[in-house]
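[1] task: produce atomic coordinates for the following.
(chains A and B)
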Amino acid sequence: MSHAMTAARSDSLPYLGYGLGLRIDHYEALLARPAQVQWLEVVSENYMVDGGLPLVWLDRFRERYPLVMHGVSMSIGSTDPLDEGYLARLAALAQRVEPMWVSDHLCWTGVQGVNLHDLMPLPYTEEALRHVVSRVQRVQDRLKRRILLENVSSYVSFAQSQLTEWEFLAEVAERADCLILLDINNVHVSAMNHGFSSLDYLRGIPVSRVQQFHLAGYEQGERLIIDTHDAAVSNAVWELYVEAVRRFGRVSTMIERDDHFPPLPELIAELEHARALAEPLLQDAA
Amino acid sequence: MSSLQAIQLQMLEAVLAAKTSAMPPVRSDAIADAHSRLSVYQHGYRIRLRDALKNELAGLQRMAGRSFDALLDAYVETHPSGHYNIRWYGAGLANFLEGAHPDRPHLSEMARLDWAISTAFDAADEPSLGMTQLAGIPPDAWANLRLQPQANLQILICAHNVDAFRRAADRDAARPHVRRYARPRRILVWRQAMSVHYRRLDEDEWQVLAATQRGDTFAALCAILAERHGETAAMGRMVALLQTWVAAGLLRSLG
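    Numbering: from 1, shown residues only, chains lettered A, B, ... in the order given. Now for the predicted structure:
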C-alpha cells in the first residue's frame, strides 16, 4: 500500500460512499431508495429552470439522498467572459439544493458567444493555466465554496502544449485551491487516444485534491476510443480504478451513465462491483 | 489576440464547419491524424444538437416523418447555439422553418406548438385561483376586477390541425393528414400543477382570454361577450368560462 493512501485530505468535504448519476429513467426506482445507492449526482443544468416538474423531482431526491451538483456549462477555460447569468443560476440552485459539493469540467464549451455543448480540451500552456486559475478563483468566490474540476476525455492535443494533461490539472488545483473529480474512464480514454500512460496520469495527481471518482463506459471507434458514457464500465477501467483506489484511498465513487440506460439493478450491480474491488484494499490500508 | 483565444476560435470554426477548411494546430500521430481527431468533435456537435431538438419536437417529428432529420440538420448547420443550456436550442426553430419552407407553413406552426408545450413544462410555478376566492368578491367589486392569467399561458394562431399531430405523438397514434382550416383557429397551451395541456379555443373564449392577458376589466370581458351573444346570454357564458378556467387552473390571481 502506498504512503499516499493514508495521506490526509486538505478539505473538510465528507466521504459519501458509492453513488449514481441521477437520470430521469431511474427516478421512480431511485425513490424507493435502494440501500446500495448512498448518494446521487445531479446535472446542474437540468434543474436550472424556473419551475415545474424538474424541481419537484429534485426536491424529492434532496429529501432522500445526499446530493452533489455536476455542471457541464461553466466553460471555465473559455476566453469569453465568465457567464454571470449562468453563475447566478448556479448559485441559486446551490442555495436550494445545499449540495455536498459543486463540480464542472476542466475545459471550455464555447467562445464568442457560441456554445458547442461539448467538453473541449485546452492547450496545456502557462497562459491557459493562468487564465483558468484566475477564473476558478472567481467562481469559488462567487459560489462561496471550493469547486471540483473533472478531467475530460479528449481526441485532440495542441502543438502549443508545454505540460502534460495531469501536470496541468494538478497545477490548476494547487494554484486555484480547488478539488478534483477524477473520471477514471476519461483518464483511460485520453490515455489510449494520445498514447500516454494512465498510471503516469494517476501518479501525477495530488492525493489530497481528489474528492470524487467517476466510472463510466466508452465505445471503441476505428482509431480512437469515443467517450460515450453509454456502456458498462470496461475491464481496463476497472483495473485503473483499482490503481486509483490504491493511490487515492477512500474517495466517493459513482457510476455515470449518460445514455442507453439499463434497468437500475444493472447499474447497482456495477456499483457493487466497484465496492467489492475497493473495500478490501481500503480495509487492508486501515 | 492571445494564443489561447486563437486556438479556441480555430477550433470553433473547425467544429462548426461541416468540412474543415483551416486546420487548428491539432497534432497528428500514429494513432490518428488531425482530421480524424477533429471529426469526432464535428460529428458529436451535430448529434448533440439534433438530439436536443428531438426531445422537444414530438409533434414535428410525427408531422415531418422521414424528412424530420433533414429539417433539423438544416437548422443545426445554420444556427449555432447561443445559450449555455442546450435545452433552449430549439427556441429559433419555428422562425427558421417559416423562412426556409414558406410553402409548408404547417411545419413552423407545429414547431411553435411543440415549443410552447416545452416551455410551459418548466415555466415558473404560480398559485391557482380557486372558486372560493371568486365567491368572496362583493357584487359591486366585479366590474373593475382584473383576472390575471397564468404567465405560462400561451395562445397560438394555427391555420392547420397541428394539435392533431401533437396528440398523435403523445398517444403514439397514427399520423393524421395535414388539414388547412378555412379560418385560423387558436390553441391554448398552459400548465396546471405539473401537467402541460393544450386545447382549441372557441372564438369568444379566445377574445375574452386575450383580453384578460391585456389586463382588461371584468366589465370589458362581459362587453366582449355581450357584443357576440347579447346581454342576457353573455353573463351565462362568462360564468361558464370562469368555471372552466378555474377548474383548469388558468387564473393566477385577482387584480
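
[2] which secondary structure state is assigned to residue 40?
    You didn't say which chain, so I picked chain A. Counting by DSSP: H, G, I helix; E, B strand; the rest coil, the backbone at residue A:40 sits in strand.

[3] meant chain B, my bad for not saying
    Per three-state DSSP, residue B:40 ends up helix.

[4] now for it, how many residues are close by?
    22 (other Cβ atoms under 10 Å in any protein chain shown). All C-beta spots, glycine's among them, are computed from the backbone N, C-alpha and C.

[5] with the one 3 residues further on instead?
    Neighbour count of residue B:43, defined by other Cβ under 10 Å: 12.

[6] show me which residues of the stretch 1-150 of chain A are close to chain B?
    Contacts of the stretch 1-150 of chain A with chain B, taken as Cβ under 8 Å from any Cβ of the partner chain, map to A:45, A:48-56, A:73, A:75, A:78-79, A:83, A:86, A:108-118, A:120, A:122-123, A:125, A:127-128, A:131.

[7] of the residues you listed, buried ones?
    A:45, A:48-49, A:51-55, A:73, A:75, A:78-79, A:83, A:86, A:108-111, A:114-118, A:120, A:122-123, A:125, A:127-128, A:131 (16 or more other Cβ atoms under 10 Å in any protein chain shown).

[8] against residue B:195, how distant is residue A:52?
    Using Cβ to Cβ, to the nearest Å, residue A:52 is found at 10 Å from residue B:195.

[9] quick one: contacts of the lengthiest helix in chain A?
    Counting residues, the longest helix found in chain A (DSSP state H) is helix A:264-285. By Cβ atoms under 8 Å, 6 or more residues apart in numbering or on different chains, the residues outside helix A:264-285 that reach it are A:1, A:5-6, A:18-20, A:26, A:29-30, A:34, A:36-37, A:215, A:232-233, A:238, A:241-242, A:245-246, A:249-250, A:253-255, A:257.

[10] apart from its neighbours in sequence, what residue is nearest residue B:45?
    residue B:15 (5.2 Å; Cβ to Cβ, 6 or more residues apart in numbering or on different chains).

[11] list the contacts of the nearest residue to residue B:16 once chain neighbours are set aside.
    Excluding its sequence neighbours, the residue lying closest to residue B:16 (Cβ to Cβ, 6+ apart) is residue B:80, at 6.1 Å. With contacts defined as Cβ under 8 Å, 6+ apart, the neighbours of residue B:80 are A:114-115, B:16.

[12] okay if I get those as TSV plus secondary structure and pLDDT?
    As requested, the contacts of residue B:80 are arranged in TSV below (DSSP: H, G, I helix; E, B strand; the rest coil; pLDDT from 0 to 100):
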residue	secondary structure	pLDDT
A:114	strand	98
A:115	strand	98
B:16	helix	95
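
[13] turn those residues into a markdown table, including distance to residue A:135.
    Below are the contacts of residue B:80 laid out as a markdown table (distance: Cβ to Cβ, whole Å):
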| residue | distance to residue A:135 |
| --- | --- |
| A:114 | 19 |
| A:115 | 17 |
| B:16 | 24 |
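
[14] which strand residues bridge residue A:182?
    residue A:213 (DSSP bridges).

[15] count of residues packed around it?
    Counted by other Cβ under 10 Å, the residues lying close to residue A:182 total 27.

[16] over to residue B:238?
    By other Cβ under 10 Å, the residues close to residue B:238 number 20.

[17] could you list every residue that touches residue B:12?
    Neighbour list for residue B:12: A:110-112, A:114, A:116 [criterion: Cβ under 8 Å, 6+ apart].

[18] ok, which pair from these is furthest apart?
    Across those, no pair lies farther apart than A:112 and A:116, at 10.9 Å, counting by Cβ to Cβ.

[19] out of the contacts of helix A:264-285, list just those in strands.
    A:18-20, A:215, A:253-255 (DSSP state E).
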